[in-house]
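Peer 1: pasting a predicted model and its sequence here:
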Amino acid sequence: MLTTLVFVGVFLALFFDFMNGVNDAANSIATIVATRVLRPFYAVAWAAFWNFAAVVVMDLRVARTIGKGVVDPDGVTTVVILAGLVGAIVWTVITTQFGIPISVSHALVGGILGAGLMHGGLDLIVWKGIWIIAIFMVVSPIVGMGLASFNMWAVSWLFHRFDRRRVRRWFRRLQLVSAALFSLGHGTGDAQKTMGIIAVLLLTGGITSIEHGNWFFRSTFDSSGFVPNWVVLAAHTVIALGTLIGGWKVIKTMGVRLTKLQPMEGFCAETAAATSILGTAFLGIPVSTTHTISGGIMGVGAIKRLTAVRWGLFGRIVWAWVLTIPAAALFSAIVFKLAVMVLPAAAK
């Protein structure tokens, strides 16, 4: 029974990873589509490629934070992880259908938090990790907005004497680079959430020694040896496929409805967001790519003029951000209670 639940959990974790790519496709390509540097299909293909390419440059610090920094892995069960994943998936699917860009990272945190509270109470929660995630939930869009505004000011000052058409051509090319960097950061940070969850699933399921002397099964998570390289490859492949499918309603919200962008502005927003995401990934902090790129887009829009930004739409997006952790926690708590009723033995 337990082994079956672990396999179900791995499937759910990879499905969550896929939905992460679908919802977050907007983060990677919204600006490059809005500026018409690439057609939508080529844009998602470009983003998906760099999502997967992150597998060769990443460290697993974010995976460790998700695996150990939300709830104590020694006190959780497989059912806690399954319920947490279901709660995160439900909220992500709902918001994606309505074209609302959310933090899928925070949906996962909320899901694990809600199920963990139902199982072990407050003692099971790693409050230090929760506070760090909560702080950066506020800090990341502010940093993205500040960096993007500075980038926009600096670039405008440097190129204000050049021919506008020539500058536009230059930044159409440069935006390919900034979009690649952002997608690389997205793959580096977001795919690791799934790795961290699968790591805990393997641990709680007793599958902690799966090294077979070859590269494919060798552990890369930490010295305890419970995440093989196939998990790393699977997580990056699935998130890239989700990005390739793309959540087009979310893309429209981020790239068209929030503010109008030109290639220079798209480059400034993406560069600011990529810098923030890669920096926090290096520190092992699971920040929201949605929050960061939203802040970047707002920053380049507001520096032109405040009325260039649709603040009402941004306010609704912020409300979705605020509700993400408690909503996912509520869904996962309900799922956990139902699972305990149906599978009481497995919940122990």
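Peer 2: Nice, thanks for sending it over.
Peer 1: roughly how far does the most centrally placed residue in the chain sit from Gly196?
Peer 2: Central residue of the chain (C-alpha atoms, centre = their mean): Asp190, 4.1 Å from the mean position. Distance, Asp190 to Gly196, using C-beta to C-beta, to the nearest Å: 11 Å. Any C-beta I mention is one placed from the backbone N, CA and C, and that applies to glycine too.
Peer 1: cool, Thr4 as well?
Peer 2: For Thr4, the distance to Gly196 - C-beta to C-beta - is 22 Å.
Peer 1: so for these two, which residue has more residues nearby?
Peer 2: Between Thr4 and Gly196, Gly196 has the larger neighbour count (other C-beta atoms under 10 Å), namely 28 against 11.
Peer 1: gap between the more buried one and Phe16?
Peer 2: 12 Å.
Peer 1: quick revisit: which residue packs closest to the residue nearest to the centre of the chain, ignoring adjacent ones?
Peer 2: Distance criterion C-beta to C-beta, 6 or more residues apart in numbering; nearest residue to Asp190, sequence neighbours excluded, is Asn20 at 5.5 Å.
Peer 1: from memory the one you found sits against Ile197, does it?
Peer 2: No - in this structure Asn20 lies outside contact range of Ile197 using C-beta atoms under 8 Å: 11.3 Å.
Peer 1: shared neighbours of those two, which are they?
Peer 2: When C-beta atoms under 8 Å, 6 or more residues apart in numbering defines a contact, no residue borders Asn20 and Ile197 alike.
Peer 1: can you map out the helices along this protein?
Peer 2: Using DSSP state H, the helices found in the chain span residues 2-34, 40-53, 61-68, 78-97, 104-120, 127-159, 164-204, 229-245, 248-252, 263-283, 289-304, 311-342.
Peer 1: so where's the stretch 51-200 of the chain uncertain?
Peer 2: 55-70, 73-74, 189 (pLDDT under 70).
Peer 1: same check on the stretch 201-348 of the chain?
Peer 2: Ranges of the stretch 201-348 of the chain meeting pLDDT under 70: 204-228, 246-261, 281-287, 302, 304-314, 343-348.
Peer 1: go again using 80 as the cut-off
Peer 2: 201-230, 232, 236, 243-262, 277-295, 297-318, 320-321, 342-348 (pLDDT under 80).
Peer 1: so Phe267 touches Phe171, yeah?
Peer 2: Yes - Phe267 is in contact with Phe171 according to C-beta under 8 Å; the separation is 5.1 Å.
Peer 1: more crowded one of these two?
Peer 2: Counted by other C-beta under 10 Å, Phe267 and Phe171 do not tie: Phe267 has more neighbours, with 30 against 22.
Peer 1: for the more buried one, give me its contacts.
Peer 2: Applying C-beta under 8 Å, 6+ apart, the residues near Phe267 are 151, 155, 171, 174-175, 178.
Peer 1: dump these to CSV, plus distance to Asp24.
Peer 2: Converted to CSV, the contacts of Phe267 look like this (distance: C-beta to C-beta, whole Å):
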residue, distance to Asp24
Asn151, 22
Val155, 26
Phe171, 24
Leu174, 22
Gln175, 18
Ser178, 16
